[in-house]
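**Q** Prediction below, plus the sequence it came from.
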Amino acid sequence: MKLTLLILLAVIATLGAADKPNVLFIAIDDQNDWIGCLGGHPQVKTPHIDGLAARGTLFTNAHCQSPLCNPSRSSLLTGLRPSSTGIYGLSPGIRDVEQTKAHVTLPQTFTQAGYHTFTCGKIYHDGSFKPKDRGPEFNTWGPAPGTGKPKKPFANLPEPRHPAMDWGPFPERDEDAADYKIASATIEALQGAPKDKQFFVAAGFRLPHVPCYAPQKWFDLYPAATLQMPPVLDGDRDDTPRFSWYLHWKLPEPRLHTLKERNEWRPLVRAYLASTSFMDAQVGRVLAALEASGRAKDTIVVLWSDHGWHVGEKAITGKNTLWDRSTRVPLIFAGPGIAAGAKCARPAELLDIFPTLLELTQFPARSDLEGHSLVPQLRDANAPREWPAITTHNHDNHGIRTERWRYIHYADGSEELYDMQADPNEWKNLAADAKLADVKRDLAKWLPKVNKKPVPGSKSRILLYDAATGAVNWEGKDAGASDPIPD
Ligand SMILES: [Ca+2]
């Protein structure tokens, strides 16, 4: 009798485990909303990501928690806000921070539960996650190839330049490009995944992060003569606070006026689009391999980008801002139990991915995570949602995004407010409009109450503000109140 019961329990446990879906976790680097199904650029060709959206749910108002690789990925993978950990710079990584060094991450949850777990490419921020810390995260770490380098740079930019500041047709063959190799490693992992257990396979693509290199045929998709440039407004920054410049005071990424002077704006737009299409094709190869494995019906696919990218809007290129161009990202879920062909306009955060995957794979919810499961919206895209999307860049600078509004509050108290329905390009700052004082006050209620100072050892893109003296320090150097805005 006892033995029968044990067998019965074992059978139930196995059935329970068999019900749990697999996870295919696809990360993109610096991909803004220039994705066909998001409508960010009228000419972009991303048939494979669009195809994934068609068989799943697309979040059209999804935002990163930080507009920078390491803090964004650290937040997503720990489920904690940058303002709750103090991780704002490109380093340190989560395992070098007292608060998060033992925190069980999203991938670790699956590894600990006995899933077959695999990663390749860029999931953690490469530079800040040390090899000695890899073991507990994934069973297997596949290759993470870099982009390689042409004999000399294509882009005509002032020297010395950061080595990543380049764009053009390179390499000659798809097969030699990093994202091709990352897709191939992911495909092998899907083909080789043990049939008797669930898998969590993570693929981290590098494009369209600079350098925007893709083989020539991907540039041919976007003839230079008919290329549509993103809308920009002369004097767009005349009504943004000076503090908005401090968030990206001095960066390797060129300003728009430099690109225009050197006739590099159009080539950059073209290269960003070509890189996106090339990356999309690699996503397509991975999704085709999932179909061919016969396991797509039991697999949750989630696709996201760590943050967006300015391609000339607001007078800059790059990230490090609290506007939609930096914060809005593709976020798609597809698979069992998820509505197909659905678009959800509710604000969503990358922080929500962790609790969402826990619920979809029937793990117990965790009370220490700061995101909210998106499962109600995956069942019904119109399901209401109470929370806005909050993006933080450096200590005490926050952007609050609802369906209608974007509100930004900088550390020195300066503000921006945009009506995103009337003004999707964020051209008209309404923060000083007395009629909107109530709107602003309601949005300000969402500003994070916990607002950690940068953790010890913070560096690269760190901005410090002393509220007592008004002193501003960017990457270790003071920025005076009347210093000219750097080139
Ligand atoms: Ca990035």
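**A** Received it, and whenever you're ready, just let me know what you need. Quick caveat: nothing in here was measured; it's all calculated off a predicted structure.

**Q** contacting residues around the spatially most central residue of the chain?
**A** For the chain, the residue nearest the mean C-alpha position is residue 306 (1.4 Å; C-alpha atoms, centre = their mean). Residue 306 sits next to 27, 28, 29, 30, 64, 69, 72, 73, 76, 329, 350 when contact means C-beta atoms under 8 Å, 6 or more residues apart in numbering. Heads up, the C-betas are built off the backbone N, CA and C, glycines and all.

**Q** And the ion, is stretch 247-262 touching that?
**A** No - figure legend: stretch 247-262 not in contact with the ion (C-beta under 5 Å from the ion); closest approach 11.9 Å.

**Q** still on that earlier bit, which residue sits closest to the residue nearest to the centre of the chain, ignoring its sequence neighbours?
**A** Spatial nearest neighbour of residue 306, chain neighbours left out: residue 72 (4.3 Å); criterion: C-beta to C-beta, 6 or more residues apart in numbering.

**Q** how close does the residue in the stretch 201-350 of the chain that the ion sits nearest to sit to residue 70?
**A** Per C-beta to the ion, residue 306 is where the stretch 201-350 of the chain lies closest to the ion, at 4.2 Å. Residue 306 sits 9 Å away from residue 70 when distances are taken as C-beta to C-beta, to the nearest Å.

**Q** Residue 376 too?
**A** 31 Å.

**Q** quick one: which of those two has more around it?
**A** residue 70 (26 against 17; other C-beta atoms under 10 Å).

**Q** Return the residues in contact with whichever residue of the stretch 351-487 of the chain sits closest to the ion.
**A** Closest residue of the stretch 351-487 of the chain to the ion, C-beta to the ion: residue 461 (11.6 Å). Contact analysis of residue 461 by C-beta under 8 Å, 6+ apart lists 68, 88, 89, 90, 251, 320, 394, 475.

**Q** part of a strand, is it?
**A** No - counting by DSSP: H, G, I helix; E, B strand; the rest coil, residue 461 is not found in a strand; it is coil.

**Q** a markdown table for the contacts of residue 461, including secondary structure and neighbour count?
**A** Below are the contacts of residue 461 laid out as a markdown table (DSSP: H, G, I helix; E, B strand; the rest coil; neighbours: other C-beta atoms under 10 Å):
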| residue | secondary structure | neighbour count |
| --- | --- | --- |
| 68 | coil | 28 |
| 88 | coil | 27 |
| 89 | coil | 23 |
| 90 | coil | 18 |
| 251 | coil | 19 |
| 320 | coil | 21 |
| 394 | coil | 25 |
| 475 | coil | 15 |
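
**Q** Looking at those residues, spot the one nearest residue 291.
**A** residue 68 (34.5 Å; C-beta to C-beta).

**Q** doesn't residue 91 make contact with the closest one?
**A** No - Residue 68 is beyond contact range of residue 91, at 11.2 Å (criterion: C-beta atoms under 8 Å).

**Q** secondary structure element for the residue nearest to residue 306?
**A** Secondary structure assigned from DSSP states H and E places residue 72 in helix 69-78.

**Q** That helix near the ion at all?
**A** Yes - remark: helix 69-78 sits within contact range of the ion at residue 69, by C-beta under 5 Å from the ion.

**Q** I'd like the next helix or strand past that helix.
**A** Next along from helix 69-78, by DSSP H and E: helix 82-85.
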